[in-house]
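Trainee: Quick one, fold the following:
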Amino acid sequence: MTESELNSHAGPGRPATVKQVAARAGVSPATVSRVLAGNYPVATDTRQRVLRVVRELHYVANSHARALRGSGTPQIGFVLGDVLGQPFALAATGAEREAAARGHLCMIGLSGHCADRELAVVRSMRERGAAAVILIGGVVEDQVYRDRMTDVAHGLAAAGSRLVLCGRPLPGPDLPATVVEYDNEGGAYAATSHLLARGHRDILYLGGNPAHTTTAGRTAGYRRALADFGGGRDAERIERVDYNRHRARERVARLLREGPPFTAVFGETDVVASAAMTAVLDAGLRVPQDISVLGYDDGELAQDLRPRLTTVRVPYEEMGRLAVGLALGLRDGEHSADEQHQLLGTSLVLRETVATAAR
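Mentor: Next up, the predicted model:
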């Protein structure tokens, strides 16, 4: 197709087609679709060339406008692994409330913690004209993840949308994405330091996959506190239970049968911590008189347990609300590009499951 043919078919009032974008960019229509969908690795120079042509021909802007006209109320996409855990539910609640306040509907999609499924949900939301797509939860941050998120970010931006990462890191510099994180490491550091300050030196840490960003941050805080106040790497006692309450309960029960080599348990989540409490009580021991227990998240479970669980509070609902506000605020001129990476604080909540260690 010649330049004059491109201009005649893609002039004012006439949206360009995928074929016209592909012809000008010197790629196949399938490659254009992959770049826009962000669901398949594409070479950086090819992606940039396609996106440049997309802007020149106003292809995506017109397509996005058609999508919005067809959908009626503008929408926000929110993708989470499942709806079973309260942290995800709280973040979704915050996102929905902020979206509603701004006149948007909130679409919820479940990935089942599967990367391919997550991509399929993101693509579906992009095709429906979502003003922003929010991904919640930690990940294994490898090169595959970084490449995938790079393509997703550029694909959504080309569609007039915005990628928002909640509780997971930005995979690279200069990406068109909003990031809302919380201080994972700082919360674990404060929690471990509290146990150390109460005289505990044998602290069992119940964690997940060390390559997972949530686990990596919390384990780093635990280790840093031990390095500063509690004997360093020689004092570490880490058991991997992968957020599984049954596995956590069985592991603690086995360790107690072998003889308690610890005076405190730090569970990577409140659910894991509650399973540890059950194992301690089943063994005929007391919490916190015999073994102290500390969790992370501060969901409703932490307050319902008896004794009530000392834990780290994460502002999940605020994170979801802020994610929507920043993304839409950037579009509406309320927030600048410099504000699109936010780190929320965590705080230690002192309740009833930590006592001074016996001397």
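Trainee: now the strands for the stretch 51-200 of the chain?
Mentor: Taking DSSP state E, counting those that start in this stretch as the criterion, the stretch 51-200 of the chain carries its strands at 75-80, 105-110, 132-136, 163-166, 177-182.
Trainee: Dump these into TSV; add mean neighbour count, distance to Val152 and mean pLDDT as well.
Mentor: (Each C-beta comes from the backbone N, C-alpha and C, glycine too.) As requested, those are exported to TSV (neighbours: other Cβ atoms under 10 Å; distance: least, Cβ to Cβ, whole Å; pLDDT from 0 to 100):
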stretch	mean neighbour count	distance to Val152	mean pLDDT
strand 75-80	26	10	92
strand 105-110	17	13	90
strand 132-136	27	8	94
strand 163-166	27	6	94
strand 177-182	24	9	95
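Trainee: Could you export these to JSON lines, including columns for distance to Leu51?
Mentor: Below are these laid out as JSON lines (distance: least, Cβ to Cβ, whole Å):
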{"stretch": "strand 75-80", "distance to Leu51": "21"}
{"stretch": "strand 105-110", "distance to Leu51": "25"}
{"stretch": "strand 132-136", "distance to Leu51": "17"}
{"stretch": "strand 163-166", "distance to Leu51": "14"}
{"stretch": "strand 177-182", "distance to Leu51": "15"}
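Trainee: Quick one: closest of those strands to Val287.
Mentor: The stretch from these with the least distance to Val287 (Cβ to Cβ) is strand 177-182; that distance is 26.9 Å.
Trainee: returning to that earlier point: please name whichever of the strands of the stretch 51-200 of the chain is nearest to Thr269.
Mentor: Nearest to Thr269, of the strands of the stretch 51-200 of the chain and by Cβ to Cβ, is strand 177-182 at 13.8 Å.
Trainee: tell me what that closest one is packed against?
Mentor: For strand 177-182, the elements it packs on are strand 163-166, helix 316-332, strand 341-344, judged by 3 or more Cβ pairs under 8 Å, 6 or more residues apart in numbering; DSSP states H and E.
Trainee: I'd like the mean pLDDT over the helix or strand that the last one is followed by, please.
Mentor: Same thing as strand 341-344. For strand 341-344, the following helix or strand on the C-terminal side (DSSP states H and E) is strand 347-349. If you average the pLDDT over strand 347-349, you get 98.
Trainee: same check, this time on stretch 352-359
Mentor: pLDDT averaged over stretch 352-359 gives 91.
Trainee: cool, stretch 330-337 as well?
Mentor: Averaging pLDDT along stretch 330-337 gives 83.
Trainee: Now name the helix or strand holding the residue lying closest to Ile291 once chain neighbours are set aside.
Mentor: Spatial nearest neighbour of Ile291, excluding adjacent residues (Cβ to Cβ, 6 or more residues apart in numbering): Val280 at 5.0 Å. Assessed by DSSP H and E, Val280 sits inside helix 270-282.
Trainee: residues of that helix that come out buried?
Mentor: Residues of helix 270-282 classed as buried by neighbour count (16 or more other Cβ atoms under 10 Å): Asp270, Val271, Val272, Ala273, Ser274, Ala275, Ala276, Met277, Thr278, Ala279, Val280.
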